[in-house]
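Undergrad: Let's see this in three dimensions:
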Amino acid sequence: MRFFLDENETPAILPPLRAVFFHHEFVTALDEGLSGVLDRELIQEVSARGFDAIMTQDRNQLSIREERDALIETGLHWIGHRQPDADGLLYIVNSTAAYLAAMPHVLEEMSSVTGAHAFHVRNLPLQKGQRVTVSRLKF
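TA: Numbering: from 1, shown residues only. Next comes the predicted model:
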């Protein structure tokens with residue numbers, strides 16, 4: 001399957017996605033020369049270029065009627081998540097981990113559905129205590 005990474009997603013998530021899901025193609029807006037294209041036209045062009053889904057943080061694509069209609073008309077799947085409440089490395093790690101954990105389920109569902117669907121990827125908890133515990137080793 002072919003996945004288009006919207007320009008609001010960091011391209012830093014691509015190497016892990018490409019490495020793990022190597023049977024699939026992940027391409028950025030910059031790669032395709034589609035940076036700055038308005039969403040309705042973008043959705044139509046991404047579909048015309050043979051992509052199966054757009055990966056984005058732009059939840060407005062689901063609520064703005066013209067953009068949602070473009071997804072439905074083209075059959076392009078929408079895969080997205082909320083922007084993590086983090087910066088720098090934690091932002092990249094959270095986005096990457098969320099997509100890596102969700103993609104097996106997304107791929108399974110995409111292979112069995114017809115028509116455009118929205119896949120809402122859930123971010124991971126960001127607090128240190130939610131991700132790891134630390135304890136001193138003792139003799």
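
Undergrad: Can you classify residue 45 by secondary structure?
TA: Assigned state for residue 45: helix (three-state reduction, DSSP: H, G, I helix; E, B strand; the rest coil).

Undergrad: Listing partners with orientation, what would you give for the regular element (helix or strand) spanning residue 119?
TA: Residue 119 belongs to strand 118-120 when assigned by DSSP states H and E. Next to strand 118-120 in the sheet, as set by DSSP bridges, lie strand 77-80 (parallel).

Undergrad: could you point out which element follows the partner strand?
TA: Heading C-terminal from strand 77-80 (DSSP H and E), you reach helix 88-110.

Undergrad: other SSEs contacting that next one?
TA: When contacts are defined as 3 or more CB pairs under 8 Å, 6 or more residues apart in numbering; DSSP states H and E, helix 88-110 sits against helix 14-20, strand 53-56, strand 77-80, strand 118-120. Quick note: C-beta positions are derived from backbone N, CA and C, even for glycine.

Undergrad: Now the last one: buried residues?
TA: In terms of neighbour count (16 or more other CB atoms under 10 Å), strand 118-120 has its buried residues at residue 119.

Undergrad: residues making contact with it?
TA: Outside strand 118-120, the residues that touch it by CB atoms under 8 Å, 6 or more residues apart in numbering are 53, 62, 71, 77, 78, 79, 80, 81, 102, 106, 109, 110.

Undergrad: Leaving out the residues flanking it, which one is nearest to the fourth one?
TA: Think residue 77. residue 53 (3.8 Å; CB to CB, 6 or more residues apart in numbering).

Undergrad: partners of the one you found in the sheet?
TA: Assigned bridge partners for residue 53, using DSSP bridges, are residue 3, residue 77.

Undergrad: Next up, the contacts around residue 114.
TA: If a contact means CB under 8 Å, 6+ apart, then residue 114 has no contacts.

Undergrad: and it, what element?
TA: Using DSSP H and E, residue 114 sits within no helix or strand.

Undergrad: show me the contacts for residue 59.
TA: Contacts for residue 59 were tallied using CB under 8 Å, 6+ apart; they are 80, 82.

Undergrad: Distance check, it against residue 36.
TA: Distance from residue 59 to residue 36, counting by CB to CB, to the nearest Å: 20 Å.
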